[in-house]
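Asks: How does the following fold in three dimensions:
(chains A and B)
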Amino acid sequence: MLIPCPHCGTRPVEEFTFLGDASVKRPASNDPSSMEQWYDYVYLRNNPKGRFDEFVHHSGGCRAWLVISRDTETHEVFGCVTVRDYGKTKGGKA
Amino acid sequence: MTSYRLSSGGLIDRTASLNFKFDGKSFTGHPGDTLASALIANGVHLMGRSFKYHRPRGVITAGAAEPNALVELREGGRKEANTRATMIELYEGLTAQSQNRWPSLDFDIGAINSLASSMFVAGFYYKTFMWPKSFWEKIYEPIIRKAAGLGTASKEADPDKYEKAYAHCDLLVIGSGPTGLMAALTAGRSGARVILADESARLGGSLLNEREEIDGDSGIAWADGVIAELGSMPNVTLMPRTTVFGWYDGNIFGAAERVNDHVIAPSPYEPRQRYWRIIAKKAVLAAGAEERPVAFGGNDIPGVMLASAMRTYANRYAAAAGKSVVVFTNNDSGYRTARDMKAHGVHVEAIVDSRSESKADAGGVPVLRGRRIADVGGKKLAAGIELDDHTHIGCDAVAMSGGWSPIVNLACHRGGRPAWNDQILGFVPPDTGKDFIVAGAAAGRMLLSECLADGARAGTLKGKAPATPKCRDEAFAIAPLWWVKESHGKAFIDYQNDSTAKDLPLAAREGYRDIELAKRYTTTGMATDQGKLGNVNAIAILAEATGKSMEQVGTTTFRPYYTPVSFGAFAGPFHGHHFQPVRKTPLHDWADELGAVFVETGLWMRSSWFPLEGEDWLAAASREVVATRERVGICDVSTLGKIDVQGKDAGAFLDKLYCNTFSTLAVGRARYGLMLREDGIVYDDGTTSRLADDHYVMTTTTANAAKVMAQMEFAHQALFPELDVTYVTVTEQWAQMAVAGPKARATLQKIVDGLEMNDQSVPYMAALEVTVLNGVPARLFRLSFSGEHAYELAVPADYGNMVARAVMQAGDEFGIVPYGVEALSIMRIEKGHVAGGELNGTTTAADLGLGKMMSSKKDYIGRMMAQRPGLTDPNRQCVVGIRPVDPQDRIRSGSHILKDGDRPSMAADQGYVCSVAWSPMLNMWIGLALIANGRARHGEVVQVWDGLRGHKVMGEICDPVHFDKENKRLHA
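Replies: Okay, here's the model as predicted:
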């Protein structure tokens, strides 16, 4: 698989480390009432068949955390942005 | 010995002779020969023995699918087992040995299996060797292991080099037959970057094997013209001797190039093989089609081979498979063999055609229609045939054709399943998308004109496909024939694994009706050829036995590798010292000079102890501890992860990473920090120092240095991007040494420039930027892991050895010793400091006795989840000290703790010992343990039970600080 890193260009998958589902959002609150959100954030991950946005770290390259959008069945890559840019678009779009 | 070399023709160089040896006998051949063709030309038809029955076998094919003629090629460290004689280019001095026979190929004791063959049916192993159970490991398996296996591996190291390489192209063309050449030519002429790869030494594919006419000339002449043109194009790369073995995600192809398999030894500057990763914008699979055998009695006797193989040996290698030939076919292509052999002057007795009619040109050879070969006579060479109507015909060679299977392997490597085509009676490739096109015979197009047109289309990257040259087409018509059931002898489906046509209905009767189950039960398709020849026949016979269609039975899964790839090619240059990098600390040379014993810790080489004459590791480490505690010691701690953190929000960032607070740390001071995971479990620890308002240096454990860095990058980029902070790993930029003991200050005072060291100028937890040895920049930290009055001194890496030597010199008058990580570890256990054994991914800050460090005034990673009831339960296992009641007893790491009187059980388990050491200060074994509600149980006597070593002692739970509980030495 090849991943189009926004900094380094198209690079082989071996340079990257995957962290899974990029849809999770760290809760802002430390209030005990937010515990359910924290459980979801720490433990709930989607693992769909088909299109999926995932965190990847270009650990063997520019060290940027990225979000790659790919098809988990065909491994077709639809796009890849830095995690900062991903955060800027509402709901996220890699 | 009679020569089977034809007097003229063939793509061999008759002006040169090559000497080679097979099973110790000398032969000659010509450049252009394969080992198989040269053996045939020398009248050697017996080339191997089969796996199970040890039946005599000759070649069946002239290519990559060969299941029988497997040999051990070369000798010594270069020996390669299970090499296909059909793919070995002949070279001067070649040596090869036959396999799977004893004492000789001609007389093989193992062939006795054949007499007992009624026993050796499918599932034989499962049925026979099950009882008694105790016999399996001691008796059955060793015997089976000895009898099984083909060639033997060399036990010597491979002296040759292997490489890995990458290539990129607009179009990768796999296969250089008419389809592939046309595709490469079309794309090459358009200026695209083209790679043309073919497994053979000579490009041209089937055009080299067949007598074709293209553009009014021979197929070979046309191919040579195209190859010459492609060779002259700078945008085209020709890769002969290269097998493209797999299709992967992102249109990446794996390929093995046999750079120097055709010479005795590679030049010292060249690899034997090269492992390619080819990244192709588009690719064309033009792999052609594989001819199928027919299942009839004795279809494995030497002299029986595929019809296409027989004419390939004659046309390309000028080698006659026999003196008198019978052709047996269910399709038109078999007729070509009869005509070609006749044209070469070989007598063709008859064509036996299973169909009642055919329009194919027999070239004057008699055709017996509607008839089938039931059995072949002979043992080590075919001696006549018997038809299903009991007619006998004399011959010494049989050419068989059961039809053609498109070589769809690569097209199915990413999960697609091929579909059955009733017109050509073969599986055709699935949809492979727009960037991988299957063309020509591989796509089921059986006419030459279709192949050329298909190649031209596939090679057209934009615009209209060019016109293709005129050619002569051979008719192609076929009627099903899989198995001649009138046969008396064994009719083989998978030659290499000796599975026969009868095994498949047997498997179906015994319930293995699914193709994947039948495959495993009968071992059909599980040999090194992976069913290239036999699988479609097996599917057809299973379909009949189970009353299903070919489509319903389907194929087994196609996986890389198309043909076997050597381990050397996978390893490439990464073996021995090149397998992984060795990390040496900046103080390595200094430690080495002092006789350090180094131990690998991850990639690091750490100095572990510094033995004097006659000392073992324990004696050396114990002496180092005592000397450090009594006088002064120096230890290399450079492997600790060091991360430089700068920026306006550096403090705020560290507050997020650690459970305790760093934004309040005073400049010039250090603080111990504890990092949690987001689930509330402890992740890492270390000291962090503040050198300026916006400048911190943090340290991590050696093991977690890289992981913590990645975690910081995630925290900053994904979670807290608003923080203005930068950070970089400086682990390798700084040499760091701990100087510990009552004389540490006096020692360092001698090398530090212009600083009167005392408790005011360098208080406990001070972090100062100083210079040493008249101007060497340094960082001086007053930190202690040993519990002694101690410092850590960091200097730029290149100064490390010099400064360490200077410290040794300065400490000489005090009796300084170097100490290693063993002594370091003993001292930290004496002091109850937690390390890897306790920070083991199950413990919370409170478990470690560090619960008070968790801030309640700020958000940090792990804060919320650390408050979960399960992580705050007072009955959790927490860190305590453990020591034997009888000081003579030894406590071992990993032992479990049981209440006095309890029997070992999961329910009775109280915890376990995580770290132990022999304490030279206390003269006994001491340890740290994780014990349920342990802090409330100091003084309790428990069993320390080591079930693994069958060992039990009584121990006492105690405070984790075994030595100097009041910390008097730290502040001395």
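Asks: hey, let's count contacts and neighbours off CA atoms from now on
Replies: Will do.
Asks: element containing the residue nearest to B:L306 when sequence neighbours are not counted?
Replies: Excluding the flanking residues, the one nearest B:L306 by Cα to Cα, 6 or more residues apart in numbering or on different chains is B:M400, at 4.9 Å. Here B:M400 sits within strand B:397-401, counting by DSSP states H and E.
Asks: Show me the contact partners of that strand.
Replies: Identification of contacts with strand B:397-401 by Cα atoms under 8 Å, 6 or more residues apart in numbering or on different chains yields B:291-294, B:303-308, B:310, B:321-331, B:333-334, B:337, B:382-383.
Asks: show me what contacts B:N209?
Replies: Neighbour list for B:N209: B:311-313, B:315-316 [criterion: Cα under 8 Å, 6+ apart].
Asks: And the residue nearest to it when sequence neighbours are not counted, its phi and psi?
Replies: Sequence neighbours aside, B:T312 is the residue nearest to B:N209 in space, at 4.6 Å (criterion: Cα to Cα, 6+ apart). Main-chain torsions, B:T312, degrees, to the nearest 10: phi -60, psi -50.
Asks: tell me which strands and helices the helix or strand encompassing B:A165 is in contact with?
Replies: Under the criterion of DSSP H and E, B:A165 resides in strand B:162-174. Where contact means 3 or more Cα pairs under 8 Å, 6 or more residues apart in numbering or on different chains; DSSP states H and E, strand B:162-174 is packed against helix B:178-189, strand B:194-197, strand B:273-285, helix B:567-571.
Asks: Sort out which residues of it are buried, please.
Replies: B:162-164, B:169-174 (16 or more other Cα atoms under 10 Å in any protein chain shown).
Asks: In contact with B:S638, which residues are there?
Replies: By Cα under 8 Å, 6+ apart, the contact list for B:S638 reads B:585-587, B:731-732, B:734-737.
Asks: Identify, from these, the entry nearest to chain A.
Replies: Nearest to chain A among the contacts of B:S638: B:T731, at 16.6 Å, using Cα to the nearest Cα.
Asks: Find the helix or strand that B:W222 is a member of.
Replies: helix B:219-232.
Asks: what comes up buried for that helix?
Replies: So helix B:219-232, judged by 16+ other Cα under 10 Å, has buried residues B:219-224, B:226-227, B:230.
Asks: thinking again about what came up before, pLDDT score assigned to the residue nearest to B:L306?
Replies: We have a pLDDT of 98 for B:M400.
Asks: How about the least confident helix or strand in chain A by mean pLDDT and chain B, touching?
Replies: The weakest-scoring helix or strand in chain A, judged by mean pLDDT, DSSP states H and E, is helix A:83-88 (a mean of 87). Yes - counting by Cα under 8 Å from any Cα of the partner chain, chain B has neighbours in helix A:83-88: A:83-84, A:87.
Asks: Quick check: of those, which has the highest neighbour count?
Replies: With neighbours set by other Cα atoms under 10 Å in any protein chain shown, the maximum within the residues of helix A:83-88 next to chain B is found at A:V83, which has 25 neighbours.
Asks: about what we covered before: just the ones of the contacts of strand B:397-401 in helices?
Replies: Of those, the ones assigned to helices by DSSP state H are B:307-308, B:310, B:333-334, B:337.
Asks: what's the most distant pair in the residues you listed?
Replies: The widest separation within the ones in helices among the contacts of strand B:397-401, taken as Cα to Cα, falls between B:M310 and B:S333 and amounts to 12.2 Å.
Asks: higher neighbour count, these two?
Replies: B:M310 (31 against 24).
Asks: Touching, the more buried one and B:T337? I think so.
Replies: Yes - B:M310 lies in contact with B:T337 (Cα atoms under 8 Å); the separation is 7.0 Å.
Asks: Show me which positions of stretch B:764-775 end up buried.
Replies: B:764-768, B:770-772.
Asks: how close does B:T86 sit to chain A?
Replies: B:T86 is 34 Å from chain A, where distance means Cα to the nearest Cα, to the nearest Å.
Asks: Let me know the pLDDT of B:H575.
Replies: 88.
Asks: so how many other residues sit close to it?
Replies: B:H575, neighbours per other Cα under 10 Å, totals 10.
Asks: B:R292 now?
Replies: Counted with other Cα under 10 Å, B:R292 comes out at 24.
Asks: ok, now which ones touch it?
Replies: The contact partners of B:R292, by Cα under 8 Å, 6+ apart, come to B:306, B:401-405, B:533-534, B:537.
Asks: contacting residues for the residue nearest the centre of chain B?
Replies: For chain B, the residue nearest the mean C-alpha position is B:F570 (6.7 Å; Cα atoms, centre = their mean). Shown in contact with B:F570 (Cα under 8 Å, 6+ apart): B:Y275.
Asks: With B:I957 instead?
Replies: B:880-883, B:934, B:937-942 are the contacts of B:I957 under Cα under 8 Å, 6+ apart.
Asks: Show me the contact partners of the longest helix belonging to chain A.
Replies: Using DSSP H, we find that the single longest helix of chain A is helix A:35-43. Helix A:35-43 is contacted by residues A:24-27, B:678-679, B:864-865 when judged by Cα under 8 Å, 6+ apart.
Asks: residues near residue 18, how many?
Replies: You didn't say which chain, so I picked chain A. Look at A:F18: counted by other Cα under 10 Å, it has 16 neighbours.
Asks: oops, I was thinking of chain B
Replies: 16.
Asks: Of all residues in chain A, which one is closest to chain B?
Replies: Residue nearest to chain B within chain A: A:M1 (4.7 Å; Cα to the nearest Cα).
Asks: you'd agree that residue is up against B:G250?
Replies: Yes - counting by Cα under 8 Å, A:M1 touches B:G250, with 4.8 Å between them.
Asks: Residues in contact with both of these two, list them for me.
Replies: Common contacts of A:M1 and B:G250 (Cα under 8 Å, 6+ apart): A:H75.
Asks: Please name the bridge partners of the nearest residue to B:G489 once chain neighbours are set aside.
Replies: In this structure, B:G489 finds its nearest non-sequential neighbour in B:G297, 4.1 Å apart by Cα to Cα, 6+ apart. Counting by DSSP bridges, B:G297 forms beta bridges with B:D375.
Asks: Report the contact partners of B:G297.
Replies: B:374-376, B:484, B:487-492.
Asks: and if you look at B:D361?
Replies: With contact set as Cα under 8 Å, 6+ apart, B:D361 has these partners: B:Y335.
Asks: Backbone torsions only: list them for it.
Replies: Per-residue torsions, B:D361: phi -80, psi 110 (degrees, to the nearest 10).
Asks: Put the alpha carbons of stretch B:678-691 into PDB.
Replies: The C-alpha atoms that make up stretch B:678-691 are tabulated as PDB, following Å, rounded to 0.1, in the frame of the first residue of the first chain:
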ATOM      1  CA  GLU B 678      -5.200   7.700  28.600                       C
ATOM      2  CA  ASP B 679      -6.700   4.600  30.300                       C
ATOM      3  CA  GLY B 680      -5.200   5.600  33.600                       C
ATOM      4  CA  ILE B 681      -2.400   3.100  33.800                       C
ATOM      5  CA  VAL B 682       1.200   4.200  34.300                       C
ATOM      6  CA  TYR B 683       3.100   4.600  31.000                       C
ATOM      7  CA  ASP B 684       6.600   6.000  31.800                       C
ATOM      8  CA  ASP B 685       8.600   7.900  34.300                       C
ATOM      9  CA  GLY B 686      11.700  10.100  34.400                       C
ATOM     10  CA  THR B 687      13.100  13.400  35.600                       C
ATOM     11  CA  THR B 688      12.500  16.600  33.800                       C
ATOM     12  CA  SER B 689      14.600  19.700  34.300                       C
ATOM     13  CA  ARG B 690      13.800  23.400  33.600                       C
ATOM     14  CA  LEU B 691      16.800  25.200  32.100                       C
END
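Asks: Done for today, thanks.
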